[in-house]
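I'll drop the sequence and a predicted model, then ask my questions.
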Amino acid sequence: MMGLNQSRQRAQRGVYTNAKTAFALLLSLAPTALVAQDAGKPAFTSHRVTQSIAMLEPADTNGNVGVFFGDEAVLLIDSHYERNVEALVAEVAELTDLPISFAVNTHIHPDHIGGNARLASYGVTLVAHDSVRLRMLKELRIPRRGGIIFPQPAEAARPVITYSEALSFHLNNEEVRVFLAPPAHTDGDSFVHFVDSDVLHLGDVFRTNMYPIIDQFNGGSFLGMIAAMQIAIELAGPDTKVIPGHGGEVSDRAGMIEVHAMLSLLRDRVQTAIESGASLEEITAMNLSQDIDGRWGSVPSWTFTDLLPIIDSELRAQR
Ligand SMILES: [Zn+2]
């Protein structure tokens, strides 16, 4: 508990002010944060997943927050942005009288760690994969618009508990398994499995409305994403509920199979084109995603044009 106390003290000593500045800047740069927030609209819509799990969907379409609650403790999955922490805490208070004890970050991106420092100042213990903490030791880079630089997150935002392979919480009469997915969205993607509740939270490895974002600046991999989705599908049963990293609908096994099929289709099409001797430029001209762009390509900041060079380079590297 030493680390937690230290980080609380640091927060009180004013490193937190730096965090505020850093995250304000970060916020001003984040592409998804450019979506104007309707002043009258609540910051989150609460979706009840089970009796003890809820998904808080941010109005600004940034990362969904998972809430696990019961008789003993409250655990959050992801922390959104600092500006919405008060609203987040208020939504949790609608579900339970207990304070938030833990927050697990599914990965390093600003809309999933942005609330960390403030939550830590409230006594919340931050948990993530080793890689998330390591990446917080320097400035961040994310893949939108060719690579956007963010300032280094504040010290108070760093996870105080990290793991390398897997970690289990035993809370509220349930085992919550947090484990490292293969490199996919980033190289520090945590999957969270509520074993008894039969619920998965997959972070941004699973997005139901767009082509997958592969963050090569942070160790992501397209082929790894196919492998990661396969693992999640194998864990799921017919009644499993799946919280996506973004999107307003709680999904299921069929939703994951649909994403996996899309990824596999793109892999196979690009592979066939490469084997025919085509260059990346020639493959780009083939419009290989034309028939499925209506379903997956409607987010302008990340289309097949952004994804294709990543698929192409990974497949060529395998040859
Ligand atoms: Zn992300």
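It's in. Numbering: from 1, shown residues only.

ok, for the one residue in the stretch 1-150 of the chain that gets nearest to the ion, nearest residue in space, not its chain neighbours?
Scanning the stretch 1-150 of the chain for proximity to the ion using Cβ to the ion identifies residue 109 as nearest, at 3.5 Å. The way it works is simple: take the backbone N, C-alpha and C, and place the C-beta from them, glycine included. Excluding the flanking residues, the one nearest residue 109 by Cβ to Cβ, 6 or more residues apart in numbering is residue 142, at 6.1 Å.

before we move on, the earlier item: what sits against the residue of the stretch 1-150 of the chain closest to the ion?
Residue 109 makes contact with 63, 142, 186, 204, 215, according to Cβ atoms under 8 Å, 6 or more residues apart in numbering.

burial of the nearest residue to the third one once chain neighbours are set aside, as a residue count?
Once its chain neighbours are removed from consideration, residue 186 has its nearest residue in residue 218; the separation is 4.0 Å (Cβ to Cβ, 6+ apart). If you count neighbours by other Cβ atoms under 10 Å, residue 218 ends up with 22.

was I right about residue 218 contacting residue 187?
Yes: counting by Cβ atoms under 8 Å, residue 218 does reach residue 187; the two are 6.4 Å apart.

Please identify the residues of this protein in proximity to the ion?
With Cβ under 5 Å from the ion as the criterion, the chain meets the ion at residues 109, 204.

Determine the next helix or strand in the C-terminal direction from the helix-or-strand element of the chain with minimal mean pLDDT.
Using mean pLDDT, DSSP states H and E, helix 16-29 stands out as the lowest-scoring helix or strand of the chain, at a mean of 37. Next along the chain after helix 16-29, taking DSSP states H and E as the criterion, comes strand 44-48.

Does that following strand pack against any helices or strands, and if so which?
When contacts are defined as 3 or more Cβ pairs under 8 Å, 6 or more residues apart in numbering; DSSP states H and E, strand 44-48 sits against strand 53-58, helix 85-95.

Show me what counts as buried in it.
Buried residues in strand 44-48, counted by 16 or more other Cβ atoms under 10 Å: 44, 47.

strands paired with that strand, and their directions?
strand 53-58 (antiparallel) (DSSP bridges).

What angle do helix 85-95 and the partner strand make with each other?
Per axes from the mean of the first three to the mean of the last three Cα atoms, to 10 degrees, the angle that strand 53-58 makes with helix 85-95 is 150 degrees.

List the contacts of residue 44.
Neighbouring residues of residue 44 by Cβ under 8 Å, 6+ apart: 56-59, 65, 84, 87-88, 91.

Residues in a beta bridge with it, which ones?
Beta-bridge partners of residue 44, as defined by DSSP bridges: residue 58.

Measure how buried the closest residue to residue 256 other than its chain neighbours is and give me the count.
Once flanking residues are discounted, residue 256 sits nearest to residue 233: 5.0 Å by Cβ to Cβ, 6+ apart. Using other Cβ under 10 Å, residue 233 has 17 other residues around it.

Over to residue 268?
Residues near residue 268, counting by other Cβ under 10 Å: 12.
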